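Asks: with the sequence up front, the predicted model follows.
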Amino acid sequence: MELTREKILEVLGGIIEPDLKQDIVSANLVENLEISTGKIKLTVLVSNPALHARKRMTEAIEFNLKKSFGDDLTVESEVKGLPAEAKSAHRKVLPEVKNVIAIASGKGGVGKSTVTANIAGGLAKAGYRVGIVDADIYGPSMPTMFDVVDQKPTMIDIDGVPKINPVLSYGIKILSIGFFTDQDSAVVWRGPMASKALTQMFTDAYWGKLDYLLIDLPPGTGDIHLSLVQTVPLDGAVIVSTPQEVALADARKGINMFKLETINVPVVGMIENMAWFTPAELPENKYYIFGRDGAKNLSHGMGVPFLGHVPLVQSVREAGDIGRPAVFQENTIVSTAFDELVTTFVEQVKLLKAKKK
């Protein structure tokens, strides 16, 4: 076959971008196509910037081009993630959800899931329509925190298409990987399998109209994060950290991950959890056992809004264990802290939306 631009694009038109369900030519994902004697050089964009997804696309490009033009052909392909402005144009996931916000942390054990549950509860208290995706695949905790461990999502028919119907608790729609696995069994999944399972909680579920969908991400900055943030139209991310330096070092990585060119998700702000310890018998006392204002200082240093402090109070843990988030308590130190946090969170999300317009 003659090596012409038209023939090359005809061959590339047979390669499907798996997330967008379109061929890479029709979806305008082929860039910088250069042709010389015995050589093709091109750039291709993909929805998922994870290493395994880019590798698969690279292999598909080389295989198809050499199959059509001969094994002697030299193929140089650069596969990159879609830029932020192209995501909304290509993706049709969660069209009825106004704000999709990821809650992340650089490391585990900083209370990210507890914060997620209480922000969701605070938003619901304020009258917003809220959903949670528990994407913490190795430690799903939302079923416990909302007392729905024994419940399972049902199926619902939407325009002739079967969809997963999230579990409802305190008026909040919830889907968790914990609903689909044995509570006492370890989840041992490789990155691609985990990414596919998590993606289905967005693409195969019926969320309906929501004001906020919160995604409780796994700790760290791995392959799952890259897959997820490119599949789902994120409006922003919140970073949770405790004040000590070992946690702040990882929180810094988390912020930088969302600033990557291939992700480019605005950070709504940082939350400092376990900011101080207040014993029940001494409600006015504050003991800064993990250090003072570490996350607050980091947020200011990195130019990220600071959303607020959450104290280390025994009732927060007790509330999570019994399945009723602490934000639903009446006039307590911690419920007041979460209410103030939610108010600031809503204001910052509105500011981000206003900047985009």
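Replies: That came through, no problem. Numbers count the residues shown, from 1 in each chain.

Asks: got the residue ranges for the helices in the stretch 151-300 of the chain?
Replies: For the stretch 151-300 of the chain, the helices defined by DSSP state H, counting those that start in this stretch occupy 191-203, 223-231, 245-258, 294-301.

Asks: for residue 140, which non-adjacent residue is spatially closest?
Replies: residue 178 (3.3 Å; CB to CB, 6 or more residues apart in numbering). Heads up, the C-betas are built off the backbone N, CA and C, glycines and all.

Asks: whoops, I mixed them up, residue 205
Replies: Distances taken as CB to CB, 6+ apart place residue 164 nearest to residue 205, at 4.2 Å, with adjacent residues excluded.

Asks: I'd like the distance between residue 123 and residue 99.
Replies: Going from residue 123 to residue 99 by CB to CB, to the nearest Å gives 10 Å.

Asks: anything in contact with each of those two?
Replies: Here residue 123 and residue 99 share the contacting residues 211-212, scored by CB atoms under 8 Å, 6 or more residues apart in numbering.

Asks: quick one: the residue nearest to residue 140 and residue 280, what's the gap?
Replies: In terms of CB to CB, residue 178 sits 30 Å off from residue 280.

Asks: quick check on the two: which one has the bigger neighbour count.
Replies: In terms of neighbours (other CB atoms under 10 Å), residue 178 is the more surrounded of residue 178 and residue 280; the figures are 21 against 10.

Asks: in what helix or strand does the spatially most central residue of the chain lie?
Replies: For the chain, the residue sitting closest to the mean C-alpha position, by CA atoms, centre = their mean, is residue 102 at 4.3 Å. For residue 102, the element it lies in under DSSP states H and E is strand 97-104.

Asks: now the very next helix or strand once past that strand: buried residues?
Replies: For strand 97-104, the following helix or strand on the C-terminal side (DSSP H and E) is helix 112-125. Residues of helix 112-125 classed as buried: 112-125 (neighbour count, 16 or more other CB atoms under 10 Å).

Asks: any chance of these in JSON lines, with distance to residue 159 too?
Replies: JSON lines is the format used below for the buried residues of helix 112-125 (distance: CB to CB, whole Å):
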{"residue": "112", "distance to residue 159": "35"}
{"residue": "113", "distance to residue 159": "34"}
{"residue": "114", "distance to residue 159": "37"}
{"residue": "115", "distance to residue 159": "36"}
{"residue": "116", "distance to residue 159": "31"}
{"residue": "117", "distance to residue 159": "32"}
{"residue": "118", "distance to residue 159": "35"}
{"residue": "119", "distance to residue 159": "32"}
{"residue": "120", "distance to residue 159": "28"}
{"residue": "121", "distance to residue 159": "32"}
{"residue": "122", "distance to residue 159": "33"}
{"residue": "123", "distance to residue 159": "28"}
{"residue": "124", "distance to residue 159": "28"}
{"residue": "125", "distance to residue 159": "33"}
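
Asks: looking at those residues, which is nearest residue 150?
Replies: residue 117 (17.8 Å; CB to CB).

Asks: so where is the stretch 51-200 of the chain shaky, pLDDT-wise?
Replies: Within the stretch 51-200 of the chain, the stretches with pLDDT under 70 are 83-92, 182-195.

Asks: one more pass at 50, please.
Replies: Residue ranges of the stretch 51-200 of the chain with pLDDT under 50: 89-91.

Asks: do a quick rundown of the strands in it.
Replies: 74-81, 97-104, 130-134, 154-158, 161-165, 167-169, 172-176 (DSSP state E, counting those that start in this stretch).

Asks: for those strands, which one sits closest to residue 313?
Replies: strand 97-104 (19.8 Å).

Asks: closest one to residue 31 among the strands of the stretch 51-200 of the chain?
Replies: Per CB to CB, nearest to residue 31 of these: strand 74-81, 8.7 Å.

Asks: who are the packing partners of the biggest strand by length in the chain?
Replies: Longest strand of the chain, by residue count under DSSP state E: strand 267-277. For strand 267-277, the packing partners by 3 or more CB pairs under 8 Å, 6 or more residues apart in numbering; DSSP states H and E come out as helix 112-125, strand 236-241, helix 245-258, helix 294-301, strand 306-312, helix 333-356.

Asks: could I get those in TSV, plus columns for distance to residue 154?
Replies: Putting those into TSV (distance: least, CB to CB, whole Å) gives the following:
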stretch	distance to residue 154
helix 112-125	21
strand 236-241	30
helix 245-258	34
helix 294-301	39
strand 306-312	34
helix 333-356	29
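
Asks: these: lowest mean pLDDT?
Replies: Among the helices and strands packed on strand 267-277, helix 245-258 carries the lowest mean pLDDT, a mean of 87.

Asks: hey, C-alpha coordinates of that helix in CSV?
Replies: Provided in CSV are the C-alpha atoms of helix 245-258 (Å, rounded to 0.1, in the frame of the first residue of the first chain):
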residue,chain,number,x,y,z
GLU,A,245,5.9,16.4,58.1
VAL,A,246,5.8,12.7,57.0
ALA,A,247,2.1,13.2,55.9
LEU,A,248,2.8,16.6,54.4
ALA,A,249,5.5,15.3,52.1
ASP,A,250,3.0,12.9,50.5
ALA,A,251,0.3,15.6,50.5
ARG,A,252,2.7,17.8,48.4
LYS,A,253,3.0,14.9,45.9
GLY,A,254,-0.8,14.7,45.8
ILE,A,255,-1.2,18.4,44.9
ASN,A,256,1.6,18.1,42.3
MET,A,257,-0.2,15.1,40.7
PHE,A,258,-3.3,17.1,40.0
